[in-house]
Every structure is written in structure tokens, then in C-alpha cells.
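[1] Give the three-dimensional model of this entry:
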Amino acid sequence: MRTYMVGGAVRDALLGLPVNDRDWVVVGATPQQMISAGFLPVGKDFPVFLHPHTREEHALARTERKTARGYHGFAFHAEPDVTLEEDLARRDLTINAMARDEQGRLVDPFGGRADLERKVLRHVTQAFREDPVRILRVARFAARFSDFAVAAETVEFMREMVAAGEVDALVPERVWQELARGLMEAKPSRMFEVLRECGALARLLPEVDRLWGVPQRADYHPEVDTGVHLMMVLDMSARLAAPLAVRFACLTHDLGKGTTPAEVLPRHVGHEQRSVALLQGVCDRLRVPSESRELAHVVAREHGNIHRSSAYGAAAIVRLLERCDALRKPQRFEQALLACECDARGRLGLEEEPYPQRARLLAALAAAQQVPTAQIAAQAQERDVTGPRIGKLIHEARVHAVEQALSA
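    Numbers count the residues shown, from 1 in each chain. I've put the predicted structure just below:
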């Protein structure tokens, strides 16, 4: 029974990066031996155990055999006769197929260390083609290690997998999980560039894929191409350390531009409404969590109005706040403003430009929040004013408060 540290912990240590999570492979053991040693079994599909003291995961060395299409189409073999090299051979990339033994010696049968030095993301064996999740993982690692190139032969494998329909068999929850993790990497645009290069983006997110080649007005968008703009917005969201919901809103805010009639290009009148309709389909298909779904809806519908709000008076601003439900959900509105700042600064030559709309609208929101709604309602009821008329009085008070704040 021999234990090896494997995967990302080995890779990150070689790169000089912090090691936060450590995974282990155990060779030469049975499940009963692990339980007798005090390990807690937690694996559903194959034997995985938690260390009795560190709670770190220890998996029995295993091989896997493709039995059907998709992510779940595998049969696993985890017996004491499975070697470490056989276990490493089933992994996705060479940089993730290294191990260290109990003496700290590196075990690197597939050249992972050399690929780290070359800055190459390369598949380990032909078995790469058996698991479509690996397409998403390669794209995610490209977003994390943005100066790494994907090996040409690995890209070719990915294209073949897409052509064979493997990507179509992925379950929505796993697609969302990998997309969400990729959006949170240092350069999320790289994930979508890799997915687009192998054809997977057109299968997973056709609403996003069709944005490349769609022109926009150069006076608003010096980069012109909508797909290029989208990638700049995503990278700006990473630069501004935006949370996941904001980054997803950035990804989906302009989907409607992909359906603008050719005869009206490069103008995109009404693209916000079309974006909302397309966004609904994306969220349903990928089962996007409600927090990300709801924020993306607000941003897709209102980002144009938020951009133009510098010219709005108090009444128009209060209507905007009410449409965004900002008074009930101020944190979500703040996130919407951050997404809009990413959109405004995700343009060629405008990356360092300020976004005063954000501070102005937050000041307006603060002023509107100070309006004593309960007091207004009580006084109105004393005068037999009820129903919608109370709402109108509160609205008017908010307009007055915002007007005073803006003038100050």
C-alpha cells in the first residue's frame, strides 16, 4: 500500500503557486484495508476515502473504460493490481498527470514537467477522447494559464470529439460547473477562444458563438466586432475582481446583437429585448442558478439605459431604480452597475476611462432609500388616501430626494 500526491498540487508546486488542495492516490490497497485504517468512504462511482485526520481525499488507483457516450459512460476498475502509471494515464493533461511519492520524489511518466516549462497544454493519451468534459477542462486551464498554448494534436482531438457529438451528451449541470469555474479564472476570454477554435462553443452556447463577425458602430465600439468586444468585457470583469454572477451577466448582456437583421447593421436597435429572450433559453438549458440568472436578466434589459443615465433627470433615474428593483435589492443593483462598467470599459482604447454613471446612480439610490415610506403611507391613510395613490406619493418623494441629491 503506497500513497502518492497527485494532480494539481504537484503542478502548482512546480509552478511556484500556492497549494490549497491536495489529492492523493493509493496503490495496492482494497476498500476494506482503507476502512480498517480509519479512512471514511465517500466515493459513489469509485472508491474515494477521507483521511481520518487531514480529511484530504484519497482515491484508490483506478483505470476506466468507455461504455457509452457522454460524461457518465464509463466503467471503472479499482483493484490492488492497478499501477500508478495506469492511474495517471487516464488523466486529462500531462501537467495534471504527475505525482510525488512519500519521499517527495517526482513521478512523471508522460512529460508533464517538460510541458510546464514549454507552457503547453497537452493530452496524456488517446483516452482523452473518451470524456467530453475534458474539452471544457482544457478551455478552463487555458483561462487559468493564459500564456500556455493548447497542443495542436490536442485541439484536433477536441474537434473530432465535437464532430462525433460527444459534447452534445454532456449534462447541463457539469457544463455550467466548468463554465462557471472558467469565468472565474484570470483571463476568461481564453476559455471561449479555445471552445470556439474546436467548435464546442457553437454546440454549447450558439447564442455566444454567433457574435463573432457581427459589426457594431465604431464610434461606440472602436473594436467593431461584437465577439471581440465580449471577450474584452469578460477580461475586464476579471480585472475588476467581479463575482461570478457579474461575469455571467457580462457574458450574456449582448446576445441579441447576434440576431440583428443584416440590413440594419451596424446599428442594434432593440437588442436588449432580444438579449433577454435569448438569455432565458441559455439559463433554462444550462440550469443556471437563480442569482446569476436574475442579475443577467437585469443587465441584459437595462445596460443601455444605465449607460445613458448620465443625461437622465431625477424622474427617469427613479423609474430606472424601480425597474431594476434596486430599492429592495440594492446589492444586486450594485452588481449590475459593475457589469455595466465592465461593458463600458471593455472597448478598444477605453479600458482606463472612468465610469461616472456608477457613482451617480449609487448616490441616487442612497437618496431614494432615505425616503420614509412608512411615514408617508401612514400620513396618506389618515387622509383616506389608499392603494396606488400611496405608491404615487412615495414615488414623488423619491424623485424629490434624488433631485436634491443630484443638485448637491
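[2] Tell me if I'm right that Gly349 and Ala218 touch.
    No: Gly349 is beyond contact range of Ala218, at 11.1 Å (criterion: CB atoms under 8 Å). Yep, even glycine has a C-beta here, placed from its N, CA and C like the rest.
[3] The two: which is more packed in?
    A side-by-side neighbour count of Gly349 and Ala218, using other CB atoms under 10 Å, places Ala218 first with 11 against 8.
[4] wouldn't the more buried one be in contact with His229 here?
    No: assessed by CB under 8 Å, Ala218 is found out of contact with His229, at 11.4 Å.
[5] And the strands in the stretch 51-200 of the chain, which stretches?
    All strands of the stretch 51-200 of the chain, identified by DSSP state E, counting those that start in this stretch, fall at 57-60, 63-66, 74-77, 99-100, 106-107, 120-121, 149-150.
[6] Compare the mean pLDDT across the ones you listed and name the weakest.
    Mean pLDDT is lowest for strand 74-77 out of those, coming in at a mean of 65.
[7] Quick one: low-confidence residue ranges for the stretch 51-200 of the chain.
    65-76 (pLDDT under 70).
[8] Please parse this protein into its domains.
    Domain assignment for the chain by automatic domain parsing gives 1-109, 241-367, 370-407.
[9] start to end distance for the shortest one?
    By that I understand domain 370-407. 16 Å (CA to CA, to the nearest Å).
[10] same check, this time on the longest one
    Start to finish, the residues bounding domain 241-367 are 27 Å apart (CA to CA).
[11] How far does that domain sit from its chain's centre?
    Here the centre of domain 241-367 is set off from its chain's centre by 17 Å, with CA atoms, centre = their mean, to the nearest Å.
[12] Isn't Pro52 up against Pro41?
    No: the criterion here is CB under 8 Å, and Pro52 misses it with Pro41 at 11.8 Å.
[13] For the closest residue to Arg398 other than its chain neighbours, list the residues it contacts.
    Closest residue in space to Arg398, ignoring its immediate chain neighbours: Ala368 at 4.3 Å, by CB to CB, 6 or more residues apart in numbering. Going by CB atoms under 8 Å, 6 or more residues apart in numbering, Ala368 touches Val318, Leu321, Ala326, Leu327, Arg398, Ala401, Val402.
[14] Buried residues, the helix or strand harbouring Ala368. List them.
    Here Ala368, judged by DSSP states H and E, is contained in helix 356-369. Using 16 or more other CB atoms under 10 Å as the test for burial, helix 356-369 gives Gln357, Arg358, Arg360, Leu361, Ala364, Leu365, Ala367, Ala368.
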